[in-house]
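Participant: Provide a 3D model corresponding to the input given below.
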Amino acid sequence: MSITQFKNTAHVQLQESFPVAVPLGTPVAVTSVTCVERNDGVETGIWECTPGRWRRQIMEQEFCHFIQGRCTFTPDNGETLTIEAGDALMLPANSTGIWDIQETVRKTYVLIL
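Facilitator: Residues are numbered from 1 along each chain as shown. Now for the predicted structure:
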């Protein structure tokens, strides 16, 4: 068994940075991530995003816990969720919608592929 541990998730250095795939206006949000992909269909990591609006494109089921920041997520055909540090979400597979990041967010996440 392989155990993955991320210590001090609020301050760990993230490895990759790139602009969001489907920005909606300016500023264009930039995401940073460090992750581990296992061979059993699970990915876990730490993800950060700077302010901006963009469309969620991830189709996998996702559990995430927000460590810092403030944002909203409006699922297609759904009510807007206000999210702050300390909140957690379980997003079902194929949930799409609009992220609006007001203050840089950082979260830990698990994708179930």
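
Participant: list the contacts of residue 23.
Facilitator: Taking Cβ atoms under 8 Å, 6 or more residues apart in numbering as the criterion, residue 23 is in contact with 29, 52, 53, 54. (Each C-beta comes from the backbone N, C-alpha and C, glycine too.)

Participant: ok, residue 75 touching residue 99?
Facilitator: No: counting by Cβ atoms under 8 Å, residue 75 does not reach residue 99; the two are 10.4 Å apart.

Participant: among those two, which residue is more densely surrounded?
Facilitator: residue 99 (20 against 15; other Cβ atoms under 10 Å).

Participant: count of neighbours near residue 25?
Facilitator: The burial count for residue 25: 8, using other Cβ under 10 Å.

Participant: skip the chain neighbours and tell me the closest residue to it.
Facilitator: residue 53 (5.7 Å; Cβ to Cβ, 6 or more residues apart in numbering).

Participant: double-check that neighbour against residue 99; I have them as touching.
Facilitator: Yes: contact criterion Cβ under 8 Å: residue 53 and residue 99 qualify, at 6.8 Å.

Participant: no further queries at this time; thank you.
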